[in-house]
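# Okay, structure incoming, though there's no sequence with it:
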């Protein structure tokens with residue numbers, strides 16, 4: 001359901017004034033928000049794994065609040081005009097009008113990182129307690145809030161598209177965080193009432209949390225931190241502005257398919273390890289899921305469905321639609337590789353081995369940067385096409401590394 005968010009917002013922006021500039025600004029602002037939220041993105045995995053009693057819940061909640069405070073402070077520093085325009089104008093090389101649109105959009109996204117950390121912590125508690133339907137209910141609330149905000153601003157205001165898109169994102173994720181906290185209330189109460197003061201679990205400490213969570217946080221920071229690097233390289237590429245405008249549209253469409261694979265990770269963590277027969281069923285399910293998702297995306301990419309999506313649904317111009325088709329085809333195997341890496345990470349997290357996950361991400365990021373550098377700087381490739389090839393190459397490299405760590 002979350003994967004519907006990106007295409008919806010891109011379709012709104014594409015139907016307003018100056019879609020190319022606003023789509024480019026939206027893509028850059030969103031990449032900034034992603035890198036700032038990176039330290040808390042794995043909090044759902046942490047709470048799914050670590051919250052075993054009231055003491056561990058309380059300690060990890062404190063840890064989450066500290067992280068939220070830090071990333072919100074980082075976001076505040078980023079939006080200081082001198083710092084922001086140095087990054088966007090001098091380092092990335094955005095046109096001045098796009099940089100100004102991006103600045104306001106990033107300010108609008110200020111609530112985003114903290115809300116993400118807050119709701120992912122409580123979502124992990126829901127998953128740990130087998131209340132996964134409530135996670136879905138929260139996402140429904142997020143989508144409805146996002147869509148109503150976007151449509152309301154689209155109809156009743158003349159705001160630039162990027163402002164409407166980022167405002168809708170901020171409202172949606174804030175409402176999801178609030179609703180998730182309300183839905184987890186009874187579970188928290190039950191955990192608190194079960195607390196006897198004589199828990200058989202070793203008390204969870206900040207040191208223990210750091211040892212478990214640091215590799216996961218570093219993994220997400222590396223994964224999401226690559227987005228500004230991609231923006232930097234695209235800014236130096238052939239058809240730079242067009243590529244910046246198309247990339248968020250292509251990425252959000254691919255996310256429709258790979259989002260299912262991402263959500264599989266926490267489910268696998270919860271279900272793995274009960275017995276070997278169950279594990280075989282989970283592996284078989286992952287295989288079928290990966291094949292189905294990749295087949296769906298490839299079939300879409302090679303048929304008129306892709307042209308229909310980008311021109312009619314997303315509202316791209318003929319020029320931008322044509323530009324989007326090749327990177328979409330390149331990303332055809334990305335959903336399958338996402339299911340595979342979710343399965344591989346779940347196996348390692350279940351075993352308490354999080355360092356190999358970080359190592360795999362380092363390999364993925366280095367591969368992405370290398371492919372971008374070679375294709376854009378030396379081969380003069382179109383930016384969005386080079387980015388698609390880099391994403392897929394990096395993920396496959398990470399899959400190959402993790403295969404050697406999980407095959408036993």
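Sure thing, it's come through. Quantities reported herein were computed from a predicted structural model and do not represent experimental measurements.

# wait, doesn't residue 259 sit right on residue 6?
No: at 9.5 Å, residue 259 and residue 6 do not qualify as touching, with contact defined as CB atoms under 8 Å. Placement of C-beta: from N, CA and C, glycine included.

# The two: which is more packed in?
Under the neighbour definition other CB atoms under 10 Å, residue 259 and residue 6 were set side by side, and residue 6 has more, 24 against 20.

# which residues of the protein score low on pLDDT?
By pLDDT under 70, the low-scoring segments of the chain are 195-202, 274-275, 408.

# Now do the same for residue 110: helix, strand or coil?
When the structure is split into helix, strand and coil by DSSP: H, G, I helix; E, B strand; the rest coil, residue 110 lands in coil.

# Excluding chain neighbours, what is closest to it?
Once flanking residues are discounted, residue 110 sits nearest to residue 75: 5.6 Å by CB to CB, 6 or more residues apart in numbering.

# Need the phi and psi values for that neighbour.
Torsion angles at residue 75 (phi, psi; degrees, to the nearest 10) stand at phi -60, psi -40.

# show me the contacts for it.
Contact partners of residue 75, counting by CB atoms under 8 Å, 6 or more residues apart in numbering, are 33, 36, 106, 109, 110, 112, 113.

# How much space separates it from residue 146?
The gap separating residue 75 from residue 146 is 20 Å, by CB to CB, to the nearest Å.

# just residue 101 next, same as before
20 Å.

# mind giving me the domain split of the protein?
1-200, 205-408 (automatic domain parsing).

# could you pull out the helices for the stretch 301-408 of the chain?
Under the criterion DSSP state H, counting those that start in this stretch, helices of the stretch 301-408 of the chain are mapped to 304-308, 318-330, 334-350, 355-372, 383-406.

# so which of the ones you listed is the most packed in?
helix 334-350 (a mean of 24; mean count of other CB atoms under 10 Å).

# need the helices for the stretch 151-300 of the chain, in chain order.
Counting by DSSP H, counting those that start in this stretch, the stretch 151-300 of the chain has helices at residues 161-183, 185-193, 206-235, 240-271, 276-302.

# would TSV of those with distance to residue 340 be doable?
TSV is the format used below for these (distance: least, CB to CB, whole Å):
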stretch	distance to residue 340
helix 161-183	28
helix 185-193	32
helix 206-235	15
helix 240-271	8
helix 276-302	6
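
# For residue 295, see how far away the residue nearest to residue 294 when sequence neighbours are not counted is.
Of all residues not flanking residue 294 in the chain, residue 336 sits nearest, at 3.8 Å (CB to CB, 6+ apart). As defined by CB to CB, residue 336 lies at a distance of 9 Å from residue 295.

# got the contact list for residue 8?
For residue 8, the set of contacting residues under the criterion of CB under 8 Å, 6+ apart consists of 146, 147, 150.

# for the helices of the stretch 151-300 of the chain, which one sits closest to residue 350?
Of all the helices of the stretch 151-300 of the chain, the one in closest proximity to residue 350, counting by CB to CB, is helix 240-271 (5.7 Å).

# okay, the angle between that closest one and helix 334-350?
Taking axes from the mean of the first three to the mean of the last three CA atoms, to 10 degrees, one finds that helix 240-271 is oriented at 40 degrees with respect to helix 334-350.

# buried ones in helix 240-271?
For helix 240-271, a neighbour-count test (16 or more other CB atoms under 10 Å) marks 240-270 as buried.

# Please apply the same query to stretch 129-145.
Within stretch 129-145, judged by 16+ other CB under 10 Å, the buried ones are 129, 131, 134, 135, 137, 138, 139, 141, 142, 143, 145.

# excluding its backbone neighbours, what's nearest the first one?
Computed as CB to CB, 6+ apart, the closest residue to residue 129 that is not its neighbour in sequence is residue 187, at 5.0 Å.

# residue contacts, the one you found?
The contact partners of residue 187, taken as CB under 8 Å, 6+ apart, are 125, 126, 129, 131.

# I'd like the distance between it and residue 122.
When residue 187 is compared with residue 122 (using CB to CB), they lie 9 Å apart.

# What separation do you get for residue 350 and residue 48?
Distance from residue 350 to residue 48, by CB to CB: 10 Å.

# Please enumerate the shared neighbours of these two.
The contact lists of residue 350 and residue 48 share residue 269, where a contact means CB under 8 Å, 6+ apart.

# List phi and psi for residue 272.
Dihedral angles phi and psi of residue 272 (degrees, to the nearest 10) take the values phi -70, psi 150.

# Give me the neighbour count for residue 69.
Burial measure for residue 69: 12 neighbouring residues, criterion other CB under 10 Å.
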